[in-house]
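Chemist: one predicted model, sequence on top.
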Amino acid sequence: MENLDNIATNSDGASQEELEIAGIGMRICAFIIDHVIIVAALMCPSILFLLSHIQSDPGKAWTMSPVLMLMAFLVYFLKDIINGASLGKRALGLTVRSSLDTSKVPSVSKLLLRNILTFVWPIEFLVLICGANKTKLGDQMMGTNVYRVSKNPPIVIIIVSGILVIATFVTSLFFGISSIIKNDESYKMAINHIEASPEVTNIVGDIEGYGYMPNGSLNYSGGYGKAFYSIKVIGSKKTAHVHIEMEKKVNEDWEIGRCYFKKNS
């Protein structure tokens, strides 16, 4: 439900900008947009870190949890400090202003402190929808409110926000899958086999590196495993794709079943 802020003058008698108080639905949508962006920006790299260490160093993998919590707190704490509007608010044409003078953006300290209760959001949400003033506790404490400054917010902000979320998720998924494969014992054995193969080195020369993302598949079931990798081998003379088929029996190590390669033209 949207109301009009009818204050037309400030305490000094000077005219001020008359703005419409943002409705609860708009504020919730802005919060959801911010939340999705923050989760994409923080959780995806954290998942990447977790996946890349979960097999090689499980203890280190979980050290990311407190760091993630601290980073999330800081981002939520800081999200409105640029002209009183987070990405979610900008996307919907909203901003934080002083309740006493809607022409003024609150000080940075007030913008920071109004978000200090974000992590008890269920309480903030109940106060927002059930309170007489329809404002969250942080706004009541700091004398601020969320106002609608544009009924036609720039669509480019919404598009850029969506692209950012999707790109971050896809990139993290790509690197996460790559990390899982490269930290698996089957892949490590395949690399050792390639480096020990005179046939490969005769073709490519000294091995200088590998393609970042190996193609193929890796499957486990009840202690039994099958793997197929197509690994790009970069050598001093040529580049070749080495194809390796592997099998793992229960309680046994991986074994190379078949290895063949194709020189790049």
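Modeler: Noted; the coordinates are in hand.
Chemist: okay, strands next: where are they in the stretch 101-250 of the chain?
Modeler: All strands of the stretch 101-250 of the chain, identified by DSSP state E, counting those that start in this stretch, fall at 144-148, 207-210, 215-221, 224-235, 239-248.
Chemist: can you tell me what sits against stretch 255-265?
Modeler: 189-190, 193, 197, 199-200, 203, 233, 238-249 (C-beta atoms under 8 Å, 6 or more residues apart in numbering). All C-beta atoms are positioned from the backbone trio N, CA, C, and that covers glycine.
Chemist: and if you look at stretch 205-222?
Modeler: With contacts defined as C-beta under 8 Å, 6+ apart, stretch 205-222 is touched by 174, 177-178, 181-182, 184, 186-187, 191, 194-195, 200-201, 225-238, 248, 250.
Chemist: so which bits of it are buried?
Modeler: Under the neighbour-count criterion of 16 or more other C-beta atoms under 10 Å, stretch 205-222 has 207, 214, 216, 218 buried.
Chemist: distance check, the third one against residue 253.
Modeler: Read it as residue 216. Counting by C-beta to C-beta, to the nearest Å, the gap from residue 216 to residue 253 is 19 Å.
Chemist: and for residue 159?
Modeler: To residue 253, residue 159 is 51 Å away according to C-beta to C-beta.
Chemist: so where is the chain shaky, pLDDT-wise?
Modeler: 1-17, 43-65, 68, 152-158, 160-162, 165, 168, 172, 176, 263-265 (pLDDT under 70).
Chemist: do a quick rundown of the helices in it.
Modeler: 24-53, 58-61, 64-78, 87-92, 108-113, 121-130, 137-142, 155-182, 185-196, 198-204 (DSSP state H).
Chemist: who's residue 228 bridged to?
Modeler: residue 217, residue 245 (DSSP bridges).
Chemist: list the buried ones in stretch 77-96?
Modeler: Within stretch 77-96, the residues that count as buried by 16+ other C-beta under 10 Å are 77, 79-81, 84-96.
Chemist: which other residues reach it?
Modeler: Residues contacting stretch 77-96 (C-beta under 8 Å, 6+ apart): 22, 26-27, 29-35, 37-38, 97, 105-106, 108, 111-112, 114-116, 118, 139, 144-154, 157-158, 161.
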